[in-house]
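Chemist: output the structure for:
(one chain, ligands or ions: 1)
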Amino acid sequence: MISSSAPVIKSVPETGYIAGNDQEAFEQHLSQHLNWFEERGLTVKFWWRDDDAVSPTPALEELLAFSGQFGIPLSLAVIPKFATEALAQRLVTAQEVHIVHHGWQHKNYQMKSYGEKASEFGWRRTSKEMAKELAEGRVILQNLFGKHFVPLFVPPWNRIAPRAVQLLRQQGDYGLSAFTWINHFRLPRLQSHIDIIKWKKNKRFIGWDAARRRLDLQLCRRRTNTSEPIGLLTHHLDHGEGCSEFLEVFFKLTSAHPAVRWLSSQDLLDEAKRDFTLANGQV
Ligand SMILES: [Zn+2]
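Modeler: Next comes the predicted model:
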């Protein structure tokens, strides 16, 4: 909520970094941003979503190690149709790992030849088909992952049609997680904002300068609204050059900073549901 006493955004922090050292600039800029919150007794909420998990792999192990090392909750968006018992077994003892619902089989049904953007739960599907897949997906994930499962739907390619949102609403307890803060649907939501991958051509880290600018935008927005968490988005199977290095630096800096709270999707979804109920006058 924005109150009349909300701080006014005057300018982004001075960086004072050495030209040419983008990593150093990133770290200084981020620290200065977070210090701004600390000085005012405010905190910034972060959460971490990693997409497309189906089985244990060395790339996934790296993320699990980061989660353990820095005490950061990890939400794995698992594709139900291909989710394996091996992944479930691997996560039985994992602390701070939650499973969220990533479509059904990550298949695009939109017409690429017509210039339509990829979506599995898009407007070209019938409600009947999608409802069946949603229900089956939920059963699979609950059976495999038990208490680790969180009813947060992550549509493949972060796109979902209104008809599919209606189906989620009928499930009663689902939240929705897509990308950026543009999400008009009337459901509790938990967005992702910082995608660390440059997808075009060779998949790789977006770069320190792009990461600095993206975080700058989000942190400036949080100065007047600290309630919305900032969502980090990763795809462990597509982590090319630079992604691991970035994550280690980012987690190290943020996990040690007093103005940062890394929260789980479970806690944040509960919070989003409470806010949603209040916003809709259902008390
Ligand atoms: Zn995906």
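Chemist: got a list of what the residue lying closest to W47 once chain neighbours are set aside touches?
Modeler: Leaving aside its chain neighbours, W47 sits nearest to P229 (5.0 Å; criterion: C-beta to C-beta, 6 or more residues apart in numbering). No exception for glycine: its C-beta is placed from N, CA and C like everyone else's. Residues near P229 by C-beta atoms under 8 Å, 6 or more residues apart in numbering: K45, F46, W47, L190, L263, L268.
Chemist: let's have those in CSV, adding distance to the ion.
Modeler: Written out in CSV, the entries for the contacts of P229 read as follows (distance: C-beta to the ion, whole Å):
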residue, distance to the ion
K45, 23
F46, 21
W47, 17
L190, 16
L263, 22
L268, 20
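Chemist: show me these that map onto strands.
Modeler: Those of those mapping onto strands are K45, F46, W47, per DSSP state E.
Chemist: from the ion, how far out is the nearest residue to Q23 once chain neighbours are set aside?
Modeler: Spatially, and ignoring its direct neighbours in sequence, Q23 is nearest to W208 (4.8 Å; C-beta to C-beta, 6+ apart). In this view, W208 and the ion are 25 Å apart by C-beta to the ion, to the nearest Å.
Chemist: pretty sure W208 contacts L30?
Modeler: No - contact criterion C-beta atoms under 8 Å: W208 and L30 do not qualify, at 10.2 Å.
Chemist: on that earlier part again, per-residue pLDDT, the residue nearest to Q23?
Modeler: pLDDT, W208: 96.
Chemist: how about the contacts of P229, which pair is most distant?
Modeler: Pairwise distances across the contacts of P229 (C-beta to C-beta) peak at 11.7 Å, for the pair F46 and L190.
Chemist: what about these two, which has more around it?
Modeler: It is L190, of F46 and L190, that has more neighbours when counted by other C-beta atoms under 10 Å, with 26 against 23.
Chemist: pretty sure the more buried one contacts G231?
Modeler: Yes - contact criterion C-beta under 8 Å: L190 and G231 qualify, at 6.9 Å.
Chemist: list residues touching both of those two?
Modeler: Common neighbours of L190 and G231 (criterion: C-beta under 8 Å, 6+ apart): W47, S177.
Chemist: who touches both of F46 and L190?
Modeler: P229, G231.
Chemist: and the gap between the residue nearest to W47 and the ion?
Modeler: P229 is 20 Å from the ion, where distance means C-beta to the ion.
Chemist: kindly report the same for A210.
Modeler: Using C-beta to the ion, A210 is found at 21 Å from the ion.
Chemist: with A178 instead?
Modeler: 11 Å.
Chemist: can you check Q142 too?
Modeler: Distance, Q142 to the ion, using C-beta to the ion: 20 Å.
Chemist: next: R40.
Modeler: 37 Å.
Chemist: neighbours around that residue, how many?
Modeler: For R40, the count of nearby residues is 12 (other C-beta under 10 Å).
Chemist: could you do T226 as well?
Modeler: T226 has 19 neighbours, counted by other C-beta under 10 Å.
Chemist: isn't it right up against G41?
Modeler: No - contact criterion C-beta under 8 Å: T226 and G41 do not qualify, at 10.6 Å.
Chemist: residue contacts, the residue of the stretch 151-283 of the chain found nearest the ion?
Modeler: Proximity of the stretch 151-283 of the chain to the ion (C-beta to the ion) peaks at P156, 4.7 Å away. By C-beta under 8 Å, 6+ apart, the contact set of P156 is I79, H102, G103, H106, K107, N108, A118, S119, E120, F121.
Chemist: dump these to TSV, plus distance to the ion.
Modeler: Formatted as TSV, those follow (distance: C-beta to the ion, whole Å):
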residue	distance to the ion
I79	7
H102	6
G103	7
H106	6
K107	11
N108	11
A118	10
S119	11
E120	9
F121	12
